[in-house]
Every structure is written in structure tokens, then in C-alpha cells.
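S.K.: Sequence first, then the predicted structure, then my questions.
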Amino acid sequence: MNVFSHFEGIILDAVTQLQSEGVMSPDMVWKGVSVETPRDESHGDISTNVAMVLARFAKMKPRDLAQKVAEKLESHSDIDKVDIAGPGFINLTIGKAFWLQIIPLILDAPTKYGRSEAGRGQKVNLEFVSANPTGPMHVGHCRGAIFGDALARLLEFAGYDVTREYYINDAGNQVNVLARSAYLRYCEAAGQSIEIPEGLYPGDYLKPVGQALFEKYGDNYLGKDEAEWLALFKDFSIDAMMDMIRDDLKALDISFDVYFSERSLIQGEKDVVRATITELQERGIVYEGTLPPPKGKLLEDWDEREQTLFRSTDYGDDVDRALVKSDGSYTYFASDMAYHRDKFDRGFGQMIDVWGADHSGYIKRMKAAVKALSDDKGTLDVKIVQLVNLFRDGQPLKMSKRAGTFVTLREVVDEVGKDVVRFMMLYRKNDAALDFDFAKVVENKRENPVYYVQYTHARTQSVLHRKLPEMMPDMTFDPQNLDSVDLGLLTDEAEIAVIKCLAQYPKTVESAALMHEPHRIAFYLNDLASNFNSLYNKGTDIPHLRFISGDNKQLTAARLAMVAATAAVISSGLQILGVEPVDEM
RNA sequence: GGUCUCGUAGCUCAGCUGGAUAGAGCAACGGACUUCUAAUCCGUAGGUCGAAGGUUCGAAUCCUUCCGAGAUCACCA
């Protein structure tokens, strides 16, 4: 149950009653009404602006309408107190009994609590990573990969039907470069001494590929023309690179439902890119024309020429975009258009792309493309993940591909662990740059939210499974069976604060999913952990507040139920983030 | 120069897509360990939400213009 939609329903009922009494106009539109937790605790548990937003439909002053609504709400059994404040806010104080029922709600189905129907089973296509198949994943890919994966988990949890998709850029020139680089390594494996020229990939990771090629083909292609081996070596190398990338992703617990090949769009029976362009030409959205030179930026080699252009300016872009290169092959954008058309045709009305910051200039044209291709029926949300700046002990790590000093994703995971990388990458808004310090993220301090949240979970497990049998051997506690447990014994304000926090979880999940912002889950967990630790420590100061109250089984059972509920929600939230809820630290 | 993102406490960042007196962690200062895990907690102090206008009952949030940081800029991917 979502507390906020629950009370929104109650408030709506009250307003509907006013409608039938003629106080509220039948034309009333329920829009802009907020039901939320007020910042200030003295304003109660739930606050609504309903009277201010709907005042015009009742032709009353906000405070007068608030009075009318309040009269209806006062009698409701879940509500203890109704106050009218400020310009017309209605503040509700919720009865304790209402909060307490959250606990059995969680414990009856711990993995279900917080799930929502917000997605209504809608199909969502989530494309992320899509790193070129030319080498191992490096840290730059890491954030987008983790963000995309967490967003996928979040959307699934919120009731969407998510397809995780990886677009393999296997059609451009860079895979020819890959094939040539692999060929050199093949020659090397055959015993020749090689020199890697500028422009080819020098990385050692191609050595095993060359070795494997040599084992497979012997010296068949030594000294032969590129035309004889290029296609063959290209396929082989791309497969090898994708295997490597899949392995890297696995280290982060990331996998995909669909690996979509760019080449498949132009190979085989039909050229889907051509078909897309032709269709748009017929609709007048693609034309032959010339582009003006870029504004403000001087290009010496600007070459005005006629080309095939997509009329993206009709759909909100700044300039029209080229679809065919001067050598006759398609631009990356052309195949990407065809790709997104394919997604839409596969039934994905909602598409989400996760890109690095260096692609942000590409958003407008891609959105324009989706608009044109889907006749404005499909939506595309592009999430940009900003750069990750690496540090070690406060010193920035300079990376250079040429100098071979770039850090791979695998190295990061090996050094600090999957959970740390994942949590840290998610403990920030996706569109803000992030500093990642190898030394700091493994420090065991309060400022490190990964350990803080995991530690809190470990604490709950310690209380439930180690200390209870030790301290109260004759007591059994089954979180699945609370029939004989009197939760009313939970009376301390710190206890209620934890429960209120638990009640926020469904709403947090829902808004995070709606906004495509998984970081909200990470911040929520930090907050929940803080509430719990606060209560925990209150018990060290005031012994009768401890969870395990040696002489009182009833009280202990009530408190353990709350501890178990907290554990369940932490565990649930961590699973959305793809982080392990550890039992011991 | 165009476009996009960002600018909130000394530092790192949240702020629930317009709500009431703007929050947390770190750092500073003062406290709590014969403990249910101190990898924790309590308290004090700390702000012109980059600046100026505008929109309205109400703005850190929306619009405009500036300032500053980063990314990107025909035919790469």
C-alpha cells in the first residue's frame, strides 16, 4: 500500500461528498493536488494543498474550503487530527494504528512490499552501455552500465515490462580497424615481428584473439590481401570482444535481454536503413539539400555539398541532419533511426536510452527521429550519465588510451568490489558529474553510504538471528506469524519514526521509477538506515528501549517485528540497486 | 559563437517534477562504548539556494538575461 495514494483517495472521497452537496462544482478537475509529507514535523504526517488548488471550483477562499474538507476528514478512522494552516494547507495527523499495520503488511510478503502497479505492465525498451565492440569496458562505461541496470530493476519493481537492450556498433569503420588490429596479432602469433601503426588498437587484449585466429586458420591468411580475410576476421574479433564485454558486465551483475546488431539493419534480405529513408522521403521528411556551415565556429575545410537530410528541425532540432556520408554509406544516425523505428515496431511505445555526456548533443535529433518515425506515438527519454572523475587519495588519475594508462571496469571491480562501485555510482543524480576516489570508497565510515546501509542490515540480522537465541533461548519469533504479537507496544517516537520511514518506501519507488531516477532509492536507504541506527543507539543509552528485552517476550516480539520489517525493506531496496544485503560485516 | 548539463553550508551532495522556518554526511566544537556489531549515536555552530528581473496566493524548483564550470559542435561512433 502506498500511504500517499491511500490518503489521496480519502481526500478525494471528501471532495466528492462536497460535490454531491453542491459545495464543489461538478466541473472540478483533480489536478495539481499534492499529498505529501510536510518538511516540518509540527505540520503533521500528511499535508495537502487540495483546498488551495480547488478553491476556484468551489468559488470559495482556500481556507474556507479547507474548513469544509476538514470537517469531512475529521471523522475518518485513520485520521487523528486535522489542522488548517497557512494559506489553506490541510495537515493530517495519522493515527498510530495506521502506522503499525505497515509492519504486517511488509512481513506478510517481504519481497512484494513496495512493488507497484504504476507501470501497468507497459513495455519499456531500455538501451544502455552499447559500448563499441573494440575492446574491454573501461570505467567510462561503468556508470552508464550500472545506472541502466539499476533503472531496469527499478522499473520492473514498479510494474513495467522491461527489455534490456545492447546496441552493438558493428557496422562502422571502427570494426574494420579492429579486424586489422587483430590481423596484426594473428601475424604475431604466427611468429612474425609486428609493429602497430598509429590508428590501430594497440591493446594486449587482442593477443589472445590473434592466437585463436592462428589456431583456427593456421597460416592461410599470412601475407594475403585484406579483401580475403577482413570480413572473416571482423566477425571473429567482434564475437571475441562481445564475449569479453559480457564477462566484464557479469562482474557487475549486469546482463541483457537483447543484443542488437547494427549490421543486421543493413545486411540480409532487406536494408532496413534504406527502407526507413525511403519511407521518410515519401512523407517529405527526408530530402536532398545542403546545410549551412555551423554558426560561430570556423571550419577551414567546410565543404558545401548536397546530401540526404532528415528534416529534424520540424521536430525540434536545431539543424537538419545528414543520413548518407560522402562515400555513400549511412551515417551512424541513419542506422540509429532505423534501429529506433525497429524498437517502436516491436511494440515499445516507451524507449529509454542511456548515454554518456559526450553524446548529449545527439539528444535532440534522436528525439526528433522518434517523433517522426512513430508519428508522435512513441516516447524516448534519454538519460545522460555525466563523467566520472577518478581519484586516488585525492590525486586525480590521468588516463590516456595512448599511454595505456586507462582504467578498465574490471580493475575497478576487482579493487573495490561490485557492491561499492554500484552503490557509489548510484549515490548521485545521473546528470551530475561524480568524483570516485579509490581510497575513499573503501573507507569504513559514516560518510560511506554503502557500508553504512549494509552495516545496518547486518545489525538487524545480528539481533534477529544471533543475539535473540543467545539472550532469550526460550523465545521464538516468526516474522511470518504476527497473530499473537501486540504491535501497540511500540510507543517510542524513535520506533514510530522508523515505521513512518518504512511507509515511505512504496512512494519512493514509484516516484523514482516515474522520474527514471534510481538514485532516490539509494538516498532513501541511507535515510532509513539513519532512522534505524538512531533508534538502535537510543537502546544503548536507555536499556529498556533495546529490541531484545530479556524479561518481556511480548515487547521483544513487537520490536523484532519492526526490526525484521526494516531488514526486509533495506534488502528490497538494495536489490533494486543490485547491491548485496550482507548479514555480517 | 551555437546547443546541452551543472551552480544549494568551508567540502561532497540531497531537496519527492511550484508549497509552509531550505536538509544530510564530512570537516570544526562538545558529549555517549562493563554494547542488541561504536563501521554507531546525541548535541552546537554553519546559507543572499551564482546574479538580476519576471510568472502567482507561494519559486532553490518554471520563464528571460547575464556570470561561472563542464560536455559537445557537417560528412566519427
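M.R.: Arrived safely.

S.K.: Test my guess that A:Phe157 contacts A:Arg115.
M.R.: Yes - taking C-beta atoms under 8 Å as the definition, A:Phe157 is a contact partner of A:Arg115 at 5.7 Å. Every C-beta, even on glycine, is put in place using the N, C-alpha and C of the backbone.

S.K.: where do the contact lists of those two overlap?
M.R.: Counting by C-beta atoms under 8 Å, 6 or more residues apart in numbering, the shared contacts of A:Phe157 and A:Arg115 are A:Val509.

S.K.: Settle it for me: which of the two has more neighbours?
M.R.: A:Phe157 (25 against 17; other C-beta atoms under 10 Å).

S.K.: what about the stretch 201-350 of chain A, any weak spots by pLDDT?
M.R.: Scanning the stretch 201-350 of chain A for pLDDT under 70 picks out A:295-300.

S.K.: Show me which residues of it are close to RNA strand B?
M.R.: With C-beta under 7 Å from any atom of the strand as the criterion, the stretch 201-350 of chain A meets RNA strand B at residues A:262, A:291, A:294-297, A:299, A:301-305, A:307, A:318, A:321-322, A:325-327, A:329, A:331-333.

S.K.: Swap in 10 Å and give it another go.
M.R.: With C-beta under 10 Å from any atom of the strand as the criterion, the stretch 201-350 of chain A meets RNA strand B at residues A:262, A:290-305, A:307, A:309, A:316-336.

S.K.: Could you tell me the backbone phi and psi angles at the residue in chain A positioned nearest to RNA strand B?
M.R.: Residue nearest to RNA strand B within chain A (C-beta to the nearest atom of the strand): A:Gly539, separated by 1.6 Å. Torsion angles at A:Gly539 (phi, psi; degrees, to the nearest 10) stand at phi -70, psi -30.

S.K.: Burial check on it, number of neighbours?
M.R.: For A:Gly539, the neighbour count with other C-beta under 10 Å is 18.

S.K.: pLDDT score for the closest residue to it other than its chain neighbours?
M.R.: Nearest residue to A:Gly539, sequence neighbours excluded (C-beta to C-beta, 6 or more residues apart in numbering): A:Arg546, at 4.0 Å. For A:Arg546, the pLDDT comes out at 95.

S.K.: if I look at the residue of chain A closest to RNA strand B, how far off is A:Arg466?
M.R.: Per C-beta to C-beta, to the nearest Å, A:Gly539 is found 16 Å from A:Arg466.

S.K.: For the helix or strand harbouring A:Glu215, name the packing helices and strands.
M.R.: For A:Glu215, the host element (DSSP states H and E) is helix A:207-217. Under the contact criterion of 3 or more C-beta pairs under 8 Å, 6 or more residues apart in numbering; DSSP states H and E, helix A:207-217 touches helix A:174-189, helix A:226-250.

S.K.: Can you add mean neighbour count and give the ones you listed back as TSV?
M.R.: Below are the helices and strands packed on helix A:207-217 laid out as TSV (neighbours: other C-beta atoms under 10 Å):
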stretch	mean neighbour count
helix A:174-189	21
helix A:226-250	17
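
S.K.: Nearest to A:Ile94, out of the ones you listed?
M.R.: Minimum separation from A:Ile94 across the helices and strands packed on helix A:207-217 (C-beta to C-beta) falls at helix A:226-250, 44.3 Å.

S.K.: Counting by contacts, list what the helix or strand following that closest one packs against.
M.R.: Sequence order places strand A:258-261 as the next helix or strand after helix A:226-250, per DSSP H and E. Counting contacts by 3+ C-beta pairs under 8 Å, 6+ apart, strand A:258-261 packs against strand A:161-168.

S.K.: Sheet partners, orientation included, of the strand it packs on?
M.R.: As defined by DSSP bridges, the strand partners of strand A:161-168 come to strand A:123-127 (parallel), strand A:258-261 (parallel).

S.K.: Distance to A:Ile102 added to these, as CSV?
M.R.: CSV is the format used below for the strands paired with strand A:161-168 (distance: least, C-beta to C-beta, whole Å):
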stretch, distance to A:Ile102
strand A:123-127, 29
strand A:258-261, 38
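
S.K.: Buried deepest among these, which one?
M.R.: For the strands paired with strand A:161-168, average neighbour numbers computed from mean count of other C-beta atoms under 10 Å are highest in strand A:123-127, which has a mean of 23.
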